[in-house]
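Q: Kindly generate the corresponding structure for this input.
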Amino acid sequence: MLKQSVSYEAIEKEMRENTRQIYPSRFMFLNSTRGIRPRMLSGIMGTTGSGKSTLTKTMIVDAAKKEKVMVWLSEETVTEYQIGMHKVSDSRDSFKNICFVEEKNLDAFYLNDHETFLEYFKDLVVESGASLIFIDNLTSSNLYSDDIGPSGQSKTAVFLSKITKDLGVGIFFVAHTSKKIVDNQPMLITKEDIRGSQKITILAEYFYIIQKFTAKEKIYPLLNIVKHRHHNITNKFFLLGYKKDSYEFDQQIDFSLVNKIFKNRDRLGG
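A: Next comes the predicted model:
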């Protein structure tokens, strides 16, 4: 169907909406793309133990200082997740703005049919009144399970992208890499290395990858901004700092340092 072109004023409004920052962030990598915003689908991926969930918990607490947040859990219980969140922050004001959905406790009626499950997810988003939705972890969720296969996973990706626009919410998902991917491998992890269908990374406006290298017995967790649809950025790599179970800092680094760490990494099987 042919469509009439929109007005210049409408284009300007859309551009402003796409680039406004929803909340101040302590993260340099988020500030470089103006943070997580409404009507955007964003995600982060990494291997098991790379620190993606610790980072996400910190982002949730930060976001909840200003916004109502819904957290969708597919692996941990609410209690387990909140214990992890308290380790990264003791901000009681933030926790008042967070509501949780524990997938393991959902009625089997909603899980048996993919279409019903998607609509139930949407209903809970509306009921929560949240402006930001965090899914930890999408690729182990019934939303993206092996049972629905690649076509079902692709349908979920389209659904999540669509409701960001329909409901005006921001969705940030955590994803696992495919089973064959390891941190110190001979190549950088790419968005094509996601577990299951790649459709979610195609539709995401912003996508981040954590890859943890070990070089001379020192650990270097590196974050790579692999998608940034509405922003031009000069540097895509950030070094992440962790202390025990909490996030400490992220620092923008030049690719020459990334290359040096990569070349000096402890080789697989070495």
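Q: Near the closest residue to residue 229 other than its chain neighbours, how many other residues are there?
A: Distances taken as CB to CB, 6 or more residues apart in numbering place residue 205 nearest to residue 229, at 4.2 Å, with adjacent residues excluded. Where C-beta positions appear, they are placed from N, C-alpha and C, glycine not excepted. Residues lying near residue 205 (other CB atoms under 10 Å) number 20.
Q: go on, residue 84?
A: Using other CB under 10 Å, residue 84 has 18 other residues around it.
Q: tell me the contacts of it?
A: 53-54, 57, 76, 245 (CB atoms under 8 Å, 6 or more residues apart in numbering).
Q: excluding its backbone neighbours, what's nearest residue 54?
A: In space, residue 54 is closest to residue 247, 5.9 Å off (CB to CB, 6+ apart).
Q: and the helix or strand hosting that neighbour, which strands flank it?
A: Element membership for residue 247 (DSSP states H and E) is strand 246-252. Its sheet considered, strand 246-252 pairs with strand 237-243 (antiparallel) by DSSP bridges.
Q: buried sites along the partner strand?
A: 237-240, 242 (16 or more other CB atoms under 10 Å).
Q: With stretch 131-147 instead?
A: 131-145.
Q: what's the answer for stretch 221-231, then?
A: For stretch 221-231, a neighbour-count test (16+ other CB under 10 Å) marks 221-228 as buried.
Q: Look up how far residue 153 lies from residue 73.
A: Using CB to CB, to the nearest Å, residue 73 is found at 19 Å from residue 153.
Q: Between these two, which is the more surrounded one?
A: Neighbours were counted for residue 73 and for residue 153 using other CB under 10 Å; residue 153 has more, 23 against 20.
Q: where do the helices sit along the stretch 151-270 of the chain?
A: 199-203, 255-263 (DSSP state H, counting those that start in this stretch).
Q: model confidence over the first one, on average?
A: By that I understand helix 199-203. In this model, helix 199-203 has an average pLDDT of 97.
Q: Give me the contact list for it.
A: By CB under 8 Å, 6+ apart, helix 199-203 touches 41, 43, 45, 138, 144, 153-154, 156-158, 160-161, 173, 175, 191-192, 194, 207, 227.
Q: mind listing what's buried in it?
A: Those would be 199-201, 203, for helix 199-203 by 16+ other CB under 10 Å.
Q: ditto for stretch 97-117
A: In stretch 97-117, counting by 16+ other CB under 10 Å, buried: 97-103, 110, 114, 117.
Q: just stretch 171-182 next, same as before
A: Across stretch 171-182, burial judged by 16+ other CB under 10 Å covers 171-177, 181.
Q: Please convert these to a markdown table, extending it with pLDDT and distance to residue 66.
A: Shown next, in a markdown table, are the buried residues of stretch 171-182 (pLDDT from 0 to 100; distance: CB to CB, whole Å):
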| residue | pLDDT | distance to residue 66 |
| --- | --- | --- |
| 171 | 96 | 17 |
| 172 | 96 | 15 |
| 173 | 97 | 21 |
| 174 | 97 | 21 |
| 175 | 97 | 25 |
| 176 | 96 | 29 |
| 177 | 96 | 31 |
| 181 | 94 | 35 |
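Q: Since that was my last question, I'll sign off now.
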